[in-house]
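A.B. asks: here is my input; please provide its structure:
(4 chains)
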2 protein chains.
Amino acid sequence: MAEAAQTISDHIHKMLDDLTRAERQLALSVLETYPASGLGPLTALAKDAGVSVPTVARMVQKLGYKGYPEFQAALREELKAKVKTPIAKHDTWAEAAPSGHILNRFTEAVIENIRLTLGQIDPSAFDHACNLMADVDRHLFIVGGRITHTLAEYLFLHMQVIRPDVTHVQSTSNTWPHYLLNAKEGDVFVVFDVRRYENNTLKLAELAHERGAQIILMTDQWRSPVHQLATVCLSNRIVVPSAWDSATTTMLLLETMISAAQTLNWTQTKARIEELEDMFDQTKLFRKFT
Amino acid sequence: MAEAAQTISDHIHKMLDDLTRAERQLALSVLETYPASGLGPLTALAKDAGVSVPTVARMVQKLGYKGYPEFQAALREELKAKVKTPIAKHDTWAEAAPSGHILNRFTEAVIENIRLTLGQIDPSAFDHACNLMADVDRHLFIVGGRITHTLAEYLFLHMQVIRPDVTHVQSTSNTWPHYLLNAKEGDVFVVFDVRRYENNTLKLAELAHERGAQIILMTDQWRSPVHQLATVCLSNRIVVPSAWDSATTTMLLLETMISAAQTLNWTQTKARIEELEDMFDQTKLFRKFT
DNA sequence: CTTGATGTGTTAAAAATATTTCATAATTGT
DNA sequence: ACAATTATGAAATATTTTTAACACATCAAG
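C.D. replies: Down below sits the predicted model:
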């Protein structure tokens, strides 16, 4: 199947000497705008290269493919593989473990999730979300669900240092309506909702939206119904070889947002960190030396 | 012509809201291995995405193309243009953002952390930790600190489903000595302690160790002093371009351990999941349909 | 629970694309 | 220069792919 060694374009290069005039003319045309030209219809390629239709068919057979469609399929495979970054192909992450070990399988999946998630993010929407989160004129509410409340709290802990007026609301708790009383127009809600989307979370989002609040939604690739109310919707890939979904990609995005928000608010954040450190010193919560 | 925005993938992304369920499922599949999947035959794409053939035809029309071939032609054009640009290197994760954008800088750092962390893990120690965690004859205590208690709780929520006898202890709380009363020889403590190592955590670990418990430590590359008491010590890289450290790598490792533990205990886990689902159904906590 | 509207998949017809056949042109060796 | 060989393209055929038509299923409103 012409899988001699490397890429198909290399293979064509090597074959160039064994091709006839018309075929070579065609081959060079294919290489000219590789691989796009080879992915179109045979007829178009022939016309483009200035050769006849059967010439194309004959050349791909000479290259070792059964027919033009098979040649195209090979090109697509190559393209697919190429899009994966070199780091994603790194198939053993824990070098000491076999490639089938859960450490490697799981990591592989997570890296792929990260790649896909980041690839689909709209940076301007992301920046907008960070600006909203860092805006101290707006009260910041952070809403998590049954599992995601851990992520919500992680965000809360950091935002609390970065800025004042941050509240952590747990949608599974029946106390959340009380928090909503304080929400006013222009306030910001960061809502976590991944599959097994929660009714409470949706209700909370609806009420917040009615009150004129801005919603930033952290969800999965299938997107929680909350997304219809959201100002910014960040969807994460979460599928891994496990009975549960992965929060790692969401964690990454979250930390990136924290980092961005902290930069936006740096003067204030710095002062607050110092104050916090002072308090830690006084309570002797931490060890003095590493 | 649908050349409204920039790339076709952007356009699809923007359109996502106007698409129906099956169409969205298809669109996501297209984006997954973009652009390769869209360059193959319609039939293959439909099968790949798990939707019917006409759905594909309808979606591309919704996107503004006259038919599937026109859509493909547009993809090829885009591919042709992309290859011409010399910097086709995939060193940017969020392609739409400049390489200096925090999204790319942060992700780059995290991936590097993952690579280094996984590279240094001893698989047999890792497996040993998973076995201990999955062993239902030992009570499992999960201990987190000021920030890490969120990770601890994440682990707790999942382990709680996988097996009975799991307790979440927060070292910053003054109630933890009470939990220790129940700890007996052979029990397992998963302890989270990253820099700004906490005195309370160390004390707790010491007492647990005295009582003959096994300690699994999740720490950073400099390793918490708890490591001297630990049966297994898993150290993570945590440095990122931020004022704080990253928990993403730790989250990855955690989820991998959950996945491994769940496999070890599968029969029991499965039964427990089913029971849980039943209860969810009865409480109507979740939405029935996506 | 029924109705109407919308979405979705199965099937069949239409269109396009790819392959084969064959006649002609170009090339090579004598 | 002439035959033998090989290469090439036009046209016909076969195949695949795409589109259109229809029927079933699903969901929201009354």
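
A.B. asks: alpha carbons only for contacts and neighbour counts from here, please
C.D. replies: Will do.

A.B. asks: just confirm A:Leu116 is within a helix.
C.D. replies: Yes - when classified by DSSP: H, G, I helix; E, B strand; the rest coil, A:Leu116 is found to be part of a helix.

A.B. asks: against B:Glu108, how distant is it?
C.D. replies: 14 Å (CA to CA, to the nearest Å).

A.B. asks: do A:Met218 as well
C.D. replies: 21 Å.

A.B. asks: how close does A:Leu207 sit to chain B?
C.D. replies: 18 Å (CA to the nearest CA, to the nearest Å).

A.B. asks: alpha carbons of the one helix or strand that residue maps to, as CSV, please.
C.D. replies: Using DSSP states H and E, the secondary-structure element containing A:Leu207 is helix A:199-210. In CSV, the C-alpha atoms belonging to helix A:199-210 read as follows (Å, rounded to 0.1, in the frame of the first residue of the first chain):
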residue,chain,number,x,y,z
ASN,A,199,-32.1,21.5,37.1
ASN,A,200,-31.2,23.7,40.0
THR,A,201,-28.3,25.2,38.2
LEU,A,202,-30.6,26.0,35.2
LYS,A,203,-33.2,27.6,37.5
LEU,A,204,-30.5,29.6,39.3
ALA,A,205,-29.1,30.8,35.9
GLU,A,206,-32.5,31.8,34.7
LEU,A,207,-33.2,33.9,37.8
ALA,A,208,-29.8,35.5,37.6
HIS,A,209,-30.4,36.3,33.9
GLU,A,210,-33.8,37.8,34.7
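
A.B. asks: what comes into contact with that helix?
C.D. replies: Contacting residues not belonging to helix A:199-210 are listed as A:143-145, A:171-172, A:176-177, A:180, A:183, A:189, A:191, A:193, A:214-215, A:225-226, A:229, B:285-287 [CA atoms under 8 Å, 6 or more residues apart in numbering or on different chains].

A.B. asks: return the set of buried residues in it.
C.D. replies: Buried positions in helix A:199-210, judged by neighbour count with 16 or more other CA atoms under 10 Å in any protein chain shown: A:Asn199, A:Asn200, A:Thr201, A:Leu202, A:Leu204, A:Ala205, A:Glu206, A:Ala208, A:His209.

A.B. asks: the more surrounded of A:Leu116 and B:Glu108?
C.D. replies: A:Leu116 (22 against 17; other CA atoms under 10 Å in any protein chain shown).

A.B. asks: does that one touch A:Arg237 like I think?
C.D. replies: Yes - counting by CA atoms under 8 Å, A:Leu116 touches A:Arg237, with 7.0 Å between them.

A.B. asks: pLDDT weak spots in chain A?
C.D. replies: Scanning chain A for pLDDT under 70 picks out A:1-6, A:84-91, A:284-290.

A.B. asks: for it, what spans make up the strands?
C.D. replies: A:140-144, A:166-170, A:188-193, A:214-220, A:232-236 (DSSP state E).

A.B. asks: please name every helix or strand in contact with the longest one.
C.D. replies: Based on contacts counted as 3 or more CA pairs under 8 Å, 6 or more residues apart in numbering or on different chains; DSSP states H and E, the elements that strand A:214-220 packs against are strand A:188-193, helix A:199-210, strand A:232-236.

A.B. asks: state the distance from A:Met159 to A:Ala152.
C.D. replies: 10 Å.

A.B. asks: the nearest residue to A:Arg24 once chain neighbours are set aside: neighbouring residues, count only.
C.D. replies: What sits nearest to A:Arg24 in space, not counting adjacent residues and going by CA to CA, 6 or more residues apart in numbering or on different chains, is A:Leu16, at 6.2 Å. Neighbourhood size, A:Leu16 [other CA under 10 Å]: 17.

A.B. asks: so what's the closest residue to DNA strand C within the stretch 151-290 of chain A up against?
C.D. replies: Nearest to DNA strand C, among the residues of the stretch 151-290 of chain A, is A:Trp222, at 12.9 Å (CA to the nearest atom of the strand). With contact set as CA under 8 Å, 6+ apart, A:Trp222 has these partners: A:Arg195, A:Ser235.

A.B. asks: any idea how far B:Ile8 is from it?
C.D. replies: A:Trp222 is 20 Å from B:Ile8, by CA to CA.

A.B. asks: same question for A:Ser246.
C.D. replies: From A:Ser246 to B:Ile8 the distance is 28 Å (CA to CA).

A.B. asks: the two - which one has more neighbours?
C.D. replies: The neighbour count for A:Ser246 versus B:Ile8, taken as other CA under 10 Å, is higher for A:Ser246 (24 against 20).

A.B. asks: nearest residue to the more buried one in space, please, no chain neighbours.
C.D. replies: Leaving aside its sequence neighbours, A:Ser246 sits nearest to A:Ile238 (CA to CA, 6+ apart; 4.7 Å).

A.B. asks: so the one you found makes contact with A:Asn113?
C.D. replies: Yes - counting by CA under 8 Å, A:Asn113 is a contact partner of A:Ile238 at 6.7 Å.

A.B. asks: picking that back up, highest average neighbour count across the strands of chain A?
C.D. replies: strand A:188-193 (a mean of 28; mean count of other CA atoms under 10 Å in any protein chain shown).

A.B. asks: so how far is that strand from its chain's centroid?
C.D. replies: 18 Å (CA atoms, centre = their mean, to the nearest Å).

A.B. asks: repeat for stretch A:94-106
C.D. replies: With CA atoms, centre = their mean, you get 23 Å for stretch A:94-106.

A.B. asks: how about stretch A:220-236?
C.D. replies: With CA atoms, centre = their mean, you get 13 Å for stretch A:220-236.

A.B. asks: same question for stretch A:7-24.
C.D. replies: With CA atoms, centre = their mean, you get 39 Å for stretch A:7-24.

A.B. asks: A:Leu16 and A:Ala22 touch, don't they?
C.D. replies: No - taking contacts as CA under 8 Å, A:Leu16 lies outside contact range of A:Ala22: 11.2 Å.

A.B. asks: wait, A:Leu264 sits on A:Met133?
C.D. replies: No - using CA under 8 Å, A:Leu264 is not in contact with A:Met133, being 9.8 Å away.

A.B. asks: give me the more crowded residue out of the two.
C.D. replies: Comparing A:Leu264 with A:Met133 by neighbour count (other CA under 10 Å), the higher total belongs to A:Met133, at 29 against 17.

A.B. asks: how many other residues sit next to A:Pro69?
C.D. replies: Neighbours around A:Pro69, by other CA under 10 Å: 17.

A.B. asks: quick one: name the residues of the stretch 1-150 of chain A near DNA strand C.
C.D. replies: A:Gly40, A:Pro41, A:Leu42, A:Thr43, A:Val53, A:Pro54, A:Ala57, A:Lys66, A:Gly67, A:Tyr68, A:Pro69 (CA under 7 Å from any atom of the strand).

A.B. asks: and the fifth one, how many neighbours does it have?
C.D. replies: Neighbouring residues of A:Val53 were enumerated by other CA under 10 Å; the total is 14.

A.B. asks: show me what contacts it?
C.D. replies: A:Leu42, A:Thr43, A:Ala46, A:Lys47.

A.B. asks: likewise the third one?
C.D. replies: Applying CA under 8 Å, 6+ apart, we find A:Leu42 in contact with A:Val53, A:Val56, A:Ala57, A:Tyr68.

A.B. asks: distance check, the last one against A:Val56.
C.D. replies: Applying CA to CA, the value for A:Tyr68 to A:Val56 is 8 Å.

A.B. asks: ok, and the most crowded of the contacts of A:Leu42?
C.D. replies: A:Val56 (22 neighbours).

A.B. asks: thinking it is in contact with A:Glu23, fair?
C.D. replies: Yes - look at A:Val56 against A:Glu23 with CA under 8 Å: they come within range, at 7.2 Å.

A.B. asks: against B:Thr107, how distant is the residue most central in space within chain A?
C.D. replies: What sits nearest the mean C-alpha location of chain A, by CA atoms, centre = their mean, is A:Thr117, with 1.1 Å. Using CA to CA, A:Thr117 is found at 11 Å from B:Thr107.

A.B. asks: how about A:Lys66?
C.D. replies: A:Lys66 is 43 Å from B:Thr107, by CA to CA.
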